[in-house]
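Q: predicted coordinates and the sequence they were generated for:
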Amino acid sequence: MNNFEVCMKSLSKISEIILSERKQRKWSQQLLADYAGLNRTTIGKIERGDYDDVGLRKVERILNLFNKSLMVTDTGLPTLDQLKETNNG
């Protein structure tokens with residue numbers, strides 16, 4: 001899987017989490033939008049995985065309402081230091 005595919009899979013997962021958390025709380029898209037200070041159209045776009053014109057701050061505001069956050073992890077090939085640790089461990 002290349003980096004683009006990993007990114008798209010991650011965005012899709014974020015959309016699933018937001019939709020699931022909203023439905024679990026029985027919130028409408030409008031209610032979530034009101035809580036996050038966004039408009040309902042933005043919530044719908046994010047839940048559909050349409051991130052055109054949607055910034056990270058908007059996604060973070062939504063995730064924070066669900067006590068969740070974005071996290072950066074390393075993907076792809078290991079670094080030289082990681083390879084050294086593996087060989088020495």
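A: Everything's here; your move.
Q: going by C-alpha atoms from here, please, whenever you check contacts or count neighbours.
A: Will do.
Q: helix or strand: which one has the spatially most central residue of the chain?
A: Centroid check for the chain by CA atoms, centre = their mean gives Ile14 as the closest residue, at 3.3 Å. Using DSSP states H and E, Ile14 maps to helix 3-24.
Q: pLDDT on the next helix or strand after that helix, on average?
A: Going down the chain from helix 3-24, the next helix or strand is helix 29-36, by DSSP H and E. Helix 29-36 carries an average pLDDT of 98.
Q: what packs against helix 29-36?
A: With contacts taken as 3 or more CA pairs under 8 Å, 6 or more residues apart in numbering; DSSP states H and E, helix 29-36 sits against helix 40-47, helix 56-65.
Q: now what about it, what contacts it?
A: With CA atoms under 8 Å, 6 or more residues apart in numbering as the test, helix 29-36 has contacts from 22, 39-40, 42-44, 58, 61-62, 65.
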